[in-house]
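>>> Have a look at this prediction, sequence included:
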Amino acid sequence: MNSIMFNYENPSYFLPVKPPILSNEEKLFYLNKIEMLLKSRNAVIIAHYYTDPEIQRLAEKTGGCVSDSLEMARFGNSYPAKTLLVAGVRFMGETAKILNPEKTVLMPTLKAECSLDLSCPIKEFNSFCNDHPDRTVVVYANTSASVKARADWVVTSSIALELIEYLSSLGEKIIWAPDRNLGNYIKHKSKADIINWQGSCIVHDEFKLAALKNMKRIYPDAGLIVHPESPKQIIDLADAVGSTSQLINAAKQLPHKQLIVATDRAIFYKMQQVVPNKELLEAPTAGEGATCRSCAHCPWMELNTLKTISDSLELGGSKHEININPALSKAALLPLNRMLDFAKKLKN
């Protein structure tokens, strides 16, 4: 696990080193090798929208899944393959293992963290929950298995608002963790009684208001679509706000021919498939003293490469396989199943 210097109000992280860039010959070699390994291991690739387009393309070609974290969980739970290769960040691999304890779950690297997960360590979060024993604990999927096990509900951004509105209608008061921006957005929309843990996503938290307004002046007819993990002032300018899958749908529904996209730029691969005739523009992370720790792309997602996927399928072992204590997995399964059951009812 990567080291973390934890500060409740302003956590900071040791960001990973960028992986080596592969040559075209190396890419072709690993693409062919991965296809053979998938067949020999009875494996399937489950990739997040924020992974490299080459990985998303490979997952599509080999019968896998490219989606948001909710659909990743559903797909892994229903697909018959004995081995799940989760291309994403570690909490996604943990979720797949909790839902599929009988399957082998591999990841290109177990060092692919998430700033939201890292910003919510279980010891401090336990104390926070114990200070508010009258509240229902709802945690974002971007958390560790230990934090999920402490929660009453797990939720993804695609169903977060609906779930909180449901709980609020029952008179429940909420602890929301870990993303403060998404928590504030849901609190505003639902009018629910929510107290927030103060985590944030280093990708979405870096979109800059002044730079975005300048960009809007350059592209006055462009629509703006925003992930709700972004700061409130960015959300307030948006033409559409939603999860990754909801933003892809919004790109199709909005009439604008140009779209400024305030989420991880790797989503452009799937979004452009849906709107091939629209121009997609990256929302700015520069200016206003920006550190550009992410520059609109998750540095941990970037650790998923064709080489590390090939290595995980070929070598497995402690560097690639997800294993979770059975008692912890059982405890975390309860709020995860509540999420999946609630999502199923929403679809029906």
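Received the coordinates, thanks.
>>> In stretch 117-125, which residues are buried?
Within stretch 117-125, the residues that qualify as buried by neighbour count (16 or more other CB atoms under 10 Å) are 117-121, 125. Every C-beta, even on glycine, is put in place using the N, C-alpha and C of the backbone.
>>> what's the farthest-apart pair in those residues?
Using CB to CB, the pair of the buried residues of stretch 117-125 lying farthest apart is 118 and 125, separated by 11.9 Å.
>>> Serialize the buried residues of stretch 117-125 to CSV and add fields for distance to residue 44.
Below are the buried residues of stretch 117-125 laid out as CSV (distance: CB to CB, whole Å):
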residue, distance to residue 44
117, 24
118, 28
119, 31
120, 30
121, 32
125, 33
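>>> Check these against residue 186 and report the nearest one.
Closest approach between those and residue 186, by CB to CB: residue 120, at 16.6 Å.
>>> How about the contacts made by that closest one?
For residue 120, the contacting residues are 139, 143-144, 147, 177-178, 197, 199, by CB atoms under 8 Å, 6 or more residues apart in numbering.
>>> how much space is there between residue 276 and residue 221?
19 Å (CB to CB, to the nearest Å).
>>> quick one on the thing from earlier: and the contacts of residue 120, which is the shakiest by pLDDT?
Among these, residue 199 carries the lowest pLDDT, at 91.
>>> Next up, the contacts around that residue.
11, 115-116, 119-120, 177-180.
>>> what residue lies at the spatial centre of this structure?
residue 69 (5.8 Å; CA atoms, centre = their mean).
>>> show me what contacts that residue?
Residue 69 touches 48, 88, 92, 95, 141-142, 156, counting by CB under 8 Å, 6+ apart.
>>> all helices of the stretch 1-150 of the chain, in order?
24-40, 53-61, 69-78, 90-99, 115-118, 122-130, 145-150 (DSSP state H, counting those that start in this stretch).
>>> These: which one's closest to residue 313?
Nearest of those (CB to CB): helix 24-40, 3.9 Å.
>>> Check which helices and strands the closest one sits against.
strand 43-48, helix 53-61, helix 306-315 (3 or more CB pairs under 8 Å, 6 or more residues apart in numbering; DSSP states H and E).
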